[in-house]
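Student: sharing a sequence plus its predicted fold:
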Amino acid sequence: PGRSQLFATVVDTFLEKLVAAGSYQRFASCYRRFYKLQPQVTKSIYEQFISQLQSSVREEIEEVKAEGNLEKLFSSLDKIVEEAKNREEPAWRPSGVPEEDTGSAMLPYLLKHRAFLLRILGEKQQENSRAAEAVLAGRGRIRELQQLIEDHRQAWQ
């Protein structure tokens with residue numbers, strides 16, 4: 001049986017135990033004087049009370065199931081359990097060491113972030129090498145110009 005049927009069975013069992021706990025004898029003992037005067041009316045009131053109690057509890061539970069979308073959640077949980085039956089390796093369990101548990105969960109994210117950072121680092125290194133080449137070319141041009149100036153000065157003198 002699915003989880004939804006199991007939940008319905010639990011609710012039915014709960015209602016049976018609730019009715020058993022609130023037996024007619026207990027009800028009659030609470031209203032002893034009324035019971036002594038009119039036992040048939042007391043029995044009728046008890047039956048109405050139990051009927052109303054059961055219907056109210058069922059309505060509340062149906063409302064909770066509708067609000068929480070429990071039917072859909074139960075069926076999705078059943079699917080997850082079915083899929084897990086076909087797996088050969090055991091399911092993941094926490095080790096008890098939070099650092100290890102979070103580390104294994106964070107590893108894919110951290111590897112992705114590392115790849116991103118390495119790509120950015122490569123781009124920046126290329127930019128830096130281009131800038132270094134430009135600086136070296138500029139220094140070479142400055143040396144050429146200084147030499148040209150020195151040549152012009154010597155020629156003028």
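Tutor: Happy to help now that I have it. Numbering: from 1, shown residues only.
Student: please compute how far the lengthiest helix in the chain lies from its chain's middle.
Tutor: For the chain, the helix with the greatest residue count under DSSP state H is helix 98-156. Distance of helix 98-156 from the chain centroid (C-alpha atoms, centre = their mean, to the nearest Å) equals 43 Å.
Student: again, but for stretch 64-82
Tutor: 15 Å.
Student: okay, now residue 4: neighbour count?
Tutor: 17 (other C-beta atoms under 10 Å). Where you see a C-beta, it was placed from the backbone N, CA and C, and this is true even at glycine.
Student: equivalent analysis for residue 3, please.
Tutor: A total of 16 residues lie near residue 3 under the criterion other C-beta under 10 Å.
Student: list the contacts of it.
Tutor: Counting by C-beta atoms under 8 Å, 6 or more residues apart in numbering, residue 3 makes contact with 74-75, 77-78.
Student: which of the residues you listed count as buried?
Tutor: Among the contacts of residue 3, those classed as buried by 16 or more other C-beta atoms under 10 Å are residue 74.
Student: now, the contacts of residue 3 that are in strands?
Tutor: With DSSP state E as the criterion, strands contain none of the contacts of residue 3.
Student: which of the contacts of residue 3 sit farthest apart?
Tutor: Spanning the widest gap among the contacts of residue 3 are 75 and 77, at 7.3 Å by C-beta to C-beta.
Student: I'd say residue 58 and residue 14 touch.
Tutor: No: with contacts counted by C-beta atoms under 8 Å, residue 58 stays clear of residue 14, the gap being 10.4 Å.
Student: please parse the chain into its domains.
Tutor: Per the record, the chain has its domains at 3-87, 113-156, by the TED database.
Student: so how far is the first one from its chain's centroid?
Tutor: In terms of C-alpha atoms, centre = their mean, the centre of domain 3-87 is found 31 Å from the chain centre.
Student: end to end, how far does that domain reach?
Tutor: 21 Å (C-alpha to C-alpha, to the nearest Å).
Student: now, the contacts of residue 3 that are in helices?
Tutor: 74-75, 77-78.
Student: can I get those in CSV with pLDDT?
Tutor: Supplementary listing: these in CSV, determined by pLDDT from 0 to 100:
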residue, pLDDT
74, 90
75, 90
77, 89
78, 88
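Student: between the residues you listed, which sits nearest residue 123?
Tutor: The closest of the ones in helices among the contacts of residue 3 to residue 123 turns out to be residue 77 (C-beta to C-beta; 46.6 Å).
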